[in-house]
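Asker: My questions are about this predicted structure, shown below with the sequence.
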Amino acid sequence: MKFPRKKGQKWERDAVEELNKQFPDTWKKIPMSGAAGTILNVPELKPDLVGKYVHMDRRLAGEAKTGYGGSEQMAIQRKWFEKIAKQAIELYAIPILMFKFSGSRGEVRYVVAMSFQAWDELMLEYQKLYEENVALWAKLESLSPQNGND
């Protein structure tokens, strides 16, 4: 690979574009991510990407990787999960990895991966939303005219 840094930066921009299609303005690329955040010790500048969905309390911190295996496979390194997990703790975010199968033209070329701990954190976010929804429906049900309330 002649210019791996440029390839990585392009994938970061493309990932933000893809992720913002369904949920506009949710994801942003962190300029000079990594080096600037480490040197300045600013947690917000450490991940490659940060996403904040309006329906979630917590942000997502993403590490973007491409070119580690080509169009058919991906070589994943544990240190990537460990790195983004540490960065996410500083942001009170959920850590994820975003992969692109380099050169792939198939439907499945972009992939998100996370540790079981990150998965549990995400499911806790959904559980909280579910419980709030159930409580609101119960309250609405108790206020409905069919229940004797006018």
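Answerer: Here it is on my side, so go on.
Asker: And for the most centrally placed residue in the chain, nearest residue in space, chain neighbours not counted?
Answerer: With the centre of the chain defined as its mean C-alpha position, the nearest residue by C-alpha atoms, centre = their mean is Leu60, 4.1 Å away. With sequence-adjacent residues excluded and distances taken as C-beta to C-beta, 6 or more residues apart in numbering, Leu60 is closest to Gly51, at 4.2 Å. (C-beta placed from N, C-alpha, C; glycine too.)
Asker: same question for the helix or strand containing Ala135, mean pLDDT?
Answerer: Ala135 is part of helix 116-143, with elements assigned from DSSP states H and E. Confidence over helix 116-143, taken as the mean pLDDT, stands at 94.
Asker: next one: stretch 7-24
Answerer: Averaging pLDDT along stretch 7-24 gives 90.
Asker: Alpha carbons only: can I get that stretch in CSV?
Answerer: Coordinates of each C-alpha in stretch 7-24 appear next as CSV, following Å, rounded to 0.1, in the frame of the first residue of the first chain:
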residue,chain,number,x,y,z
LYS,A,7,-6.6,5.5,2.6
GLY,A,8,-7.5,5.5,6.3
GLN,A,9,-8.6,9.2,6.2
LYS,A,10,-10.7,8.6,3.2
TRP,A,11,-12.4,5.6,4.9
GLU,A,12,-13.1,7.8,8.0
ARG,A,13,-14.8,10.4,5.7
ASP,A,14,-16.7,7.8,3.8
ALA,A,15,-17.8,6.1,7.1
VAL,A,16,-19.2,9.4,8.4
GLU,A,17,-21.1,9.9,5.1
GLU,A,18,-22.5,6.4,5.2
LEU,A,19,-23.5,6.6,8.8
ASN,A,20,-25.2,10.0,8.4
LYS,A,21,-27.4,8.8,5.5
GLN,A,22,-30.0,7.3,7.8
PHE,A,23,-29.4,9.6,10.8
PRO,A,24,-28.2,13.0,9.4
